[in-house]
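Asker: any chance you can model this:
(4 chains)
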Amino acid sequence: MMRPGKCRTRRWSWIGALIAMVLVAEAWAPAISAAQTAQPIRIGLGMALTGGLAANGKPALMSMQIWAEDVNKKGGLLGRKVELVYYDDQTKPATVPGIYTKLLDVDKVDFVVSGYGTNLIAPAMPIVMERGLVFMGLFGLANNEKFKYHGYFQIMPAGPNPAVDWSQGFFEIAAKQTPKPTTVALVGADAEYPHNALAGAREQVKRFGLKIVYDSTYPPATVDYTPIARAIKATNPDIVFVASYPPDSVGMVLAAHEVGLTPKLFGGGMVGLQFAAFMTKLGPKLNGLVNYDFWVPEPTLKFPGIEEFLRKYQAKAKEAGVDPLGHYLPPWAYAYVQVLGQAIEATKSLDQKKVMEHIRTNTFDTIVGKVQFGPNGEWATSRVLQIQFQNVTGTDIEQFMKPGKRVVLYPAQWKSGALIYPYAKAKP
Amino acid sequence: MADPLLEVHNVTKRFGGFEALSNVSLEVREGERFGLIGPNGSGKTTLINCISGALRNDGGRILFRGTDVTEMPAYQRTRLGIARSFQIPKPFTSMTLLENLCIPLEYAAHARSGGDEAAGDAREILRLMGLESKAHITPAGLSQIEMRKLELARAMAAKPKLLISDEAMAGLSSAEVDDILAILFKLNEDGITIIMIEHIMRAVMRFSERIVVFDAGAKIAEGTPQAIAENKEVEKAYLGE
Amino acid sequence: MFSVDLLLNAIIAGILLGGFYAAVSLGISVAFGLLDVVNIAHPVFVILGSYAAYAMNTSLGLDPIVAGLLFTPVFFALGVAVYRIYYNSFEKKGEESLRGLVFFFGILFIVEVVLLLQYGVDYRLVEAAYIGESVHIGPVGIAFRLLVPCLVGMGLTLALYLFLSKTFYGRAIQAVAQDSLALRLMGANPIRIKTLAFGLAIATASLAGALLIMIGPVEPSMNREYIGRVFAIAVLGGLGNIGGTFVAALILGVVESLTSTFYGPSWALAVSFGVLLLTLAVRPAGLFGR
Amino acid sequence: MQRRVFLASMLAVVVLGALVTRVIQNQYYYFAAYVILQYVVLATAWNILGGYTGYVNFGSAAFFALGAYTSVVLIKAAAAPLVVLVVAGGLVSGLLGLGIGYLTLRLRGVFFAIATLALAVVLQTMFINWEYVGGARGIYIIRPKTVPFFTSYVEFLFAVMVVLAVVAVTVAWWIENSRVGRGLAAIRDNEEAAECMGVPTLKLKLVATTVSGVLMGVAGAPFPYYVTYVEPSSAFNLDYAVNSLAMPMIGGTTTWAGPVLGAVLLGTAQQVATVTISSALNLLIVGIILVAFVILAPEGIIGLVRRVTKGKRG
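Answerer: Numbers count the residues shown, from 1 in each chain, chains lettered A, B, ... in the order given. All right, here's what the predicted structure looks like:
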């Protein structure tokens, strides 16, 4: 209450609270370091278990836990059990510095790996760099471009030049068709990934000598995508490249279907169409769509261990209420700790420098195939797949567990089928 | 005759298409007890709002002590010496009565005189109003009559030359009306000019030296209480035809 | 790339979108406009409606609209309960403005988290035969996914309008907005009337939620995207004015649609909020204010 | 006397902050304390407008982000030192504050709150489309490797936040105990009556919105160095709007101590929750505490304490 004149209020000093806070914080530390005597190898991370990216974060964490179980069943690493120490970063970059310093300074973990996504990897980078730690990254797009840190290794197979390599396959496929498509529409959400993907696509357009007839972005909160689809249709492009997040991927597919937007090639960078929830809801409307992916159950991509992993994952997923297929992120979340584990085993050491050196110079056999990192910590060569949805019938989930529905078109090494061209021909 | 303290020249106020005041002129002399009456919606409160600065008039001029205040924001008019009470009391609810009075003392009275002993002055005014014992409670604990007194007390704390009392007695008992009247008489004796807006005829007639009658946004009569009481126009305005 | 076809389609799409916006905003218009209850948690109730429709759709294969209608009594009861707490804790004490606002902020979080714990963060969708299909009339294409919500929104607007203007309780609600004393003289208990009206406002969220999940995927924290938009519409339409709210919803829908067709979708949201800011600055009572 | 005690304790906080950096090596505490202190500044800033003046700002995130993005521009264009960033961030957000101050001419209560919400959306859209500061893609801000007098940059950021928090609290304290603060309280209680009692309401509201804006901008200015990667959705996160409103409500809105207490308690609770219970419960905590407080302790903790001590006396 305000009191004018002489009538002033009694005051307290709350500094006490501040001091107490610091003291309490200090008191935690010894308690936790005492727990270290059991001596498992501890791997720390922050993961999005709530917030916007949790739909991916939860399955990712589950996959890492499957890895830890697998390893421990075989006796652990260097004869020691493996333990994951994780905190929920709430999909908020601002929580990340606190989480990683807590992991390192208070929990004193042996290794840290990243959470899921570019935004949540970036804030941890300065911390691991200051300390010279190995840092495995999970699906960050070009995180190391500015930092140029030699201890960072990113598992998503985007390739040495992530933003540009991302759409390489899509445009290469386009270029091979006759008559050669000439006009392109680029559209995507106003967010980090779509903007990067669109920037890469613009370079591809230049490289292949195409012409951009539409280039626009929309806010993630857009409700109705039909005006966008219609505006694109009005420019009559041969190719429509879409870089979108799950809700707008669905919006764009439906809107394109409704307004009759039928370019010769449609898709490219749509996140979300890899998940069971959307594939089963959109069903046959997906037919003909060409989109990026990292792993699909095609015969060309049967790497050792992947089926066993998916079996374990799918059994757990039902209970946890996460993506029941687990084709998109989970194998990679398994693989990035798998690489770390193999490096520890190979060097017989927990020394950051040694492990780092080993990861940089060796190839790893993982459930997602052979992994080799290039100088910037990205995959030495890109393995972004382009797949086409073909012969999707109805909306049952079983069909997506089998080959033939998502046919790999690119890269040639993994190709499992032929493109149905133009887009409209694949429609029922 | 004393100098005019307040001059209202041809004031007009419109709300959208509705003309709430049309071409109103009047004068209030220094030291006068001035009554303003009229049926509901006749524009009395609108005029008060224009004089105090809560509303800007669309046409005409308002002069206070010879200064044109037409374009002046309300708080500056208060500093010049126009203070008002509100028809529906608007106390500062989070503050004690003493603090309520400190606001105008600090912001209006002392902004003028440069004094700074707000609390002492506030106590003095509360004593005058008979609210002394409630100095340290918030307005939530006041009865209706006390609330009206606080409303007047706060206006007085602005140390006005002109006090506008907007229906300070509505809903009060006859004894309470006399109570408020006594206070207003006392203030007038101390040299404060008072404009009283009131529905209680007994009170206006007893208090005012001169009365202006409003109807439908225009002045229809002006004169002594005696003259007004006998005016046919006024009777028509109040009783209809 | 301007063409008459495109313009026509953009306007139609905007109107369709607007009809849906109306359904989402009506509850705010009643709660905020007529009752002076700043229910910023309204959009989270809409999301709750979406999940109710989702649950019915996946388990029983119910049409989302039917599910939405079925759940209106439940939502009505929920609204009554929330208003009871609100009234007893704030309105009765005359402290509603600031603290009431914060109260609803808290409710927003609680509902959001409960949904999160129950359904996780995955986007959810419903199935219905007409989703993804469209009808073409000359150059104009109309998606059922948007046509149905628009029609339901129109129906809801009409129903609410008739209820408020033709029935005793409706008129009592209108009266409570203006003068609860007069209402008491009419022999009605203003608190009962307000409780009824608030229950009704939340009941509309059940249906609006069903429409939302029909248009696109839904996840719990999505409600936040709508807070600004629904208030913009309610304010623009003139508080408590049902017809005005509908027109304002259409205007916002058309503005967004035109912006995203011709200028670039990136600015659609900002333009509609720009319209709101401008309206507030120039005419705070809204376009159709009393 | 009161003044001397207050200023001395503020000075003591700064000295303590400096001492802490000599004693504690564990970086986690700096990051955690930084976040809490940042909320002390934000909550205090919000309270100057919301608590003292009665105008609810839903757009705190916009002011915070504007401070952060001012830093981004200056780092990118001129590699300006942190002191310059803080001053500039404060200035730019202060200007925005002055702007919304003029909005209060026509908009009161809920309308003002909604306008601030709309403002945040418009501003966020602008930054999404402004490629120079990274647009929607975001931008990396590399922390300087070393700073004089501090063993790490994080310690330095922490120290800066200590100073900013002290400055913010001192400003709030000064306003509260000055004529300005009493005028603001009159505006909050009844704006019309305040104006008629000689309070220059517009002028005071402009002071409140500007000071509040400056402090929020100041809180956001070091953010790019804290998080190293700035993109609109994290800089404009609704969290900042919610917390800067919830913290004063929990602590108590009528005194400077309320927001400080609220920020320390809720901020610490959130920090602890982040590293203990890994689930949606964190959000639930904020919601339940908030609802419980507005229903059961509408005057916040400070009010509760007052009620208890009063009860004992009388």
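
Asker: every contact and neighbour count from this point should use C-alpha atoms.
Answerer: Fine.

Asker: can you tell me which residue is spatially central in chain B?
Answerer: When CA atoms, centre = their mean is applied to chain B, the residue found nearest the centroid is residue B:164 (1.2 Å).

Asker: got the buried residues for the longest helix belonging to chain B?
Answerer: Secondary structure of chain B per DSSP state H: the longest helix is helix B:174-189. Judged by neighbour count using 16 or more other CA atoms under 10 Å in any protein chain shown, the buried positions of helix B:174-189 are B:177, B:179, B:180, B:181, B:183, B:184, B:187, B:188.

Asker: measure residue C:70 to chain A for me?
Answerer: Distance of residue C:70 to chain A, given as CA to the nearest CA, to the nearest Å: 23 Å.

Asker: which bits of the stretch 251-400 of chain A sit near chain C?
Answerer: A:251, A:254, A:255, A:257, A:258, A:259, A:277, A:278, A:281, A:321, A:322 (CA under 8 Å from any CA of the partner chain).

Asker: any idea how far the closest residue to residue A:310 other than its chain neighbours is from chain B?
Answerer: In space, and not counting its chain neighbours, residue A:310 is closest to residue A:326: 6.9 Å by CA to CA, 6 or more residues apart in numbering or on different chains. Noted for residue A:326: a distance of 59 Å to chain B, by CA to the nearest CA.

Asker: and for residue C:174?
Answerer: 23 Å.

Asker: neighbouring contacts of the helix or strand where that residue lies?
Answerer: Assigned by DSSP states H and E, residue C:174 belongs to helix C:168-178. Here helix C:168-178 makes contact (CA atoms under 8 Å, 6 or more residues apart in numbering or on different chains) with C:33-36, C:163-165, C:182-183, C:188, C:190, C:193-194, C:197.

Asker: what is the nearest of the residues you listed to residue C:22?
Answerer: Taking CA to CA as the measure, residue C:22 sits nearest to residue C:33 out of the contacts of helix C:168-178, at 14.1 Å.

Asker: quick one: the closest one is in a strand?
Answerer: No - under DSSP: H, G, I helix; E, B strand; the rest coil, residue C:33 sits outside any strand and is assigned helix.

Asker: and the closest residue to residue D:121 other than its chain neighbours, how many neighbours does it have?
Answerer: Nearest residue to residue D:121, sequence neighbours excluded (CA to CA, 6+ apart): residue C:270, at 6.4 Å. Number of residues near residue C:270 (other CA atoms under 10 Å in any protein chain shown) recorded here: 23.

Asker: could you grab the helix/strand/coil label for residue C:270?
Answerer: Residue C:270 is classified as helix under three-state DSSP.

Asker: and it, what does it touch?
Answerer: Residue C:270 touches D:121, D:122, D:125, counting by CA under 8 Å, 6+ apart.

Asker: now tabulate those in TSV and tack on pLDDT.
Answerer: Rendered in TSV, the data for these read as follows (pLDDT from 0 to 100):
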residue	pLDDT
D:121	82
D:122	84
D:125	84
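
Asker: out of those, who's nearest chain B?
Answerer: residue D:122 (31.7 Å; CA to the nearest CA).

Asker: where's residue C:36 relative to residue D:27, distance?
Answerer: Between residue C:36 and residue D:27 the distance is 49 Å, computed by CA to CA, to the nearest Å.

Asker: so these two - more neighbours on which side?
Answerer: Ranked by neighbour count (other CA under 10 Å), residue C:36 and residue D:27 place residue D:27 first, with 22 against 18.

Asker: check the gap between the more buried one and chain B for me.
Answerer: Per CA to the nearest CA, residue D:27 is found 44 Å from chain B.

Asker: so what's that residue closest to, chain neighbours aside?
Answerer: residue A:101 (6.0 Å).

Asker: helix/strand/coil for that neighbour?
Answerer: helix.

Asker: next one, pLDDT for it please.
Answerer: The model reports residue A:101 with a pLDDT of 91.

Asker: quick check: it touching residue D:30?
Answerer: No - in this structure residue A:101 lies outside contact range of residue D:30 using CA atoms under 8 Å: 9.1 Å.

Asker: quick one, phi psi at residue A:243?
Answerer: Phi and psi for residue A:243, reported as degrees, to the nearest 10, are phi -120, psi 110.

Asker: show me what it is bridged to.
Answerer: Taking DSSP bridges as the rule, residue A:243 bridges to residue A:188, residue A:269.

Asker: could you check how far it is from chain D?
Answerer: Counting by CA to the nearest CA - residue A:243 and chain D are separated by 13 Å.

Asker: still on that earlier bit, which among the buried residues of helix B:174-189 gets closest to residue B:4?
Answerer: Closest to residue B:4, out of all of these and judged by CA to CA, is residue B:188, at 15.8 Å.

Asker: center of chain A - which residue?
Answerer: Closest-to-mean residue, chain A, CA atoms, centre = their mean: residue A:139 / 3.5 Å.

Asker: and the two most separated of the residues of the stretch 251-400 of chain A next to chain C?
Answerer: Most distant of these, by CA to CA, are A:259 and A:321, 34.0 Å apart.

Asker: who has more neighbours out of these two?
Answerer: Each of residue A:259 and residue A:321 has its neighbours counted (other CA under 10 Å); residue A:259 has more, 24 against 16.

Asker: for residue C:70, grab the count of nearby residues.
Answerer: Residue C:70: 16 neighbours (other CA under 10 Å).

Asker: that one: which element?
Answerer: Using DSSP H and E, residue C:70 falls in helix C:64-89.

Asker: again with residue D:273
Answerer: Applying DSSP H and E, one finds residue D:273 within helix D:257-276.

Asker: which strands and helices sit next to the following helix or strand past that helix?
Answerer: Using DSSP H and E, the next helix or strand after helix D:257-276 towards the C-terminus is helix D:281-296. Counting contacts by 3 or more CA pairs under 8 Å, 6 or more residues apart in numbering or on different chains; DSSP states H and E, helix D:281-296 packs against helix C:101-119, helix D:238-251, helix D:257-276.

Asker: tell me which residues in the second one are buried?
Answerer: So that's helix D:238-251. D:238, D:240-251.

Asker: tell me how many other residues surround the residue in chain B positioned nearest to chain D.
Answerer: Nearest residue of chain B to chain D: residue B:75, at 3.9 Å (CA to the nearest CA). Neighbour count for residue B:75, taken as other CA under 10 Å: 28.

Asker: next step: the contacts of residue C:270 restricted to helices.
Answerer: D:121, D:122, D:125.

Asker: return the member of the residues you listed nearest to chain A.
Answerer: Out of these, the member with the shortest distance to chain A (by CA to the nearest CA) is residue D:125, at 8.1 Å.

Asker: that closest one touches residue C:271, doesn't it?
Answerer: No - Residue D:125 is beyond contact range of residue C:271, at 9.6 Å (criterion: CA under 8 Å).

Asker: after the helix or strand of chain B with the lowest mean pLDDT, which helix or strand is next?
Answerer: Of all helical and strand segments in chain B, the minimum by mean pLDDT, DSSP states H and E falls on helix B:110-113, at a mean of 62. As assigned by DSSP H and E, the chain's next helix or strand after helix B:110-113 is helix B:118-129.
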